[in-house]
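# This is a predicted model, with the sequence first.
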Amino acid sequence: PGNCWAFKGHQGQVVIRLPARVYLTAITVQHITKDASPSGTIISAPKDIAVFVSLLDTSGGDLALGGDREEETLLGMFTYNVEKDPVQTFPLKNMLLPRAFSHVKLLVKSNWGNPWYTCIYRVKVHGKMEKPESFNQG
């Protein structure tokens, strides 16, 4: 029902380019409820999720997270629980990296049992936007 981002199998990832550089605080993941599902199950929901940022994420140019793991920092690993609210927010450990980022990578490591595909209905990234340079000069 509705539109979801579906990917093949039980593992997948997406890099989200944010509209500004952000000091990340949390991430929200949403799936549908069992009641809204035509099959009555939500085994296509993500289960184990990891959130990364790239240490190479600077203010200039595009960035594709994905290459060298040493260039990435894990901000959190979470389990989306299908027995709880369909909208779940998880705090990130950005205090380890007190800086703003323009990209965030969501890595889905498993789902709740669907062997063919995994669906995510919404991802929200929470944080505080970095002030532009011009604001800091006056």
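Arrived safely, thanks for sending. Residues are numbered from 1 along each chain as shown.
# can you give me the strands in the protein?
With DSSP state E, the ranges of strands along the chain come out as 5-8, 12-30, 48-54, 72-79, 87-91, 101-108, 117-120, 122-129.
# and the last one, which residues are buried?
Going by neighbour count (16 or more other CB atoms under 10 Å), the buried part of strand 122-129 is 123, 125, 127. Bear in mind the C-beta positions are built from the backbone N, C-alpha and C, glycine included.
# That one versus strand 48-54: what angle between them?
Interaxial angle of strand 122-129 relative to strand 48-54 (axes from the mean of the first three to the mean of the last three CA atoms, to 10 degrees): 40 degrees.
# Can you list the strands that strand 122-129 pairs with?
Partners of strand 122-129 in the sheet, by DSSP bridges, are strand 12-30 (antiparallel).
# and the partner strand, average pLDDT?
Across strand 12-30, the average pLDDT comes to 94.
# all numbers from here: first residue = 735
Got it, the first residue is 735 from now on, which makes the last one we talked about strand 746-764.
# Alpha carbons of it, as PDB, please.
The C-alpha atoms that make up strand 746-764 are tabulated as PDB, following Å, rounded to 0.1, in the frame of the first residue of the first chain:
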ATOM      1  CA  GLY A 746      20.400  -2.500   1.100                       C
ATOM      2  CA  GLN A 747      21.700   1.000   1.600                       C
ATOM      3  CA  VAL A 748      20.900   4.500   0.700                       C
ATOM      4  CA  VAL A 749      23.000   7.700   1.000                       C
ATOM      5  CA  ILE A 750      20.800  10.700   1.700                       C
ATOM      6  CA  ARG A 751      22.100  14.200   0.700                       C
ATOM      7  CA  LEU A 752      20.800  16.700   3.200                       C
ATOM      8  CA  PRO A 753      19.700  20.200   2.100                       C
ATOM      9  CA  ALA A 754      22.300  21.700   4.400                       C
ATOM     10  CA  ARG A 755      25.200  20.600   6.600                       C
ATOM     11  CA  VAL A 756      23.600  19.200   9.800                       C
ATOM     12  CA  TYR A 757      24.800  18.300  13.300                       C
ATOM     13  CA  LEU A 758      22.900  14.900  13.400                       C
ATOM     14  CA  THR A 759      20.900  14.000  16.500                       C
ATOM     15  CA  ALA A 760      18.500  11.200  15.500                       C
ATOM     16  CA  ILE A 761      17.000   9.300  12.600                       C
ATOM     17  CA  THR A 762      13.400   8.200  12.200                       C
ATOM     18  CA  VAL A 763      12.300   5.100  10.200                       C
ATOM     19  CA  GLN A 764       8.700   4.400   9.200                       C
END
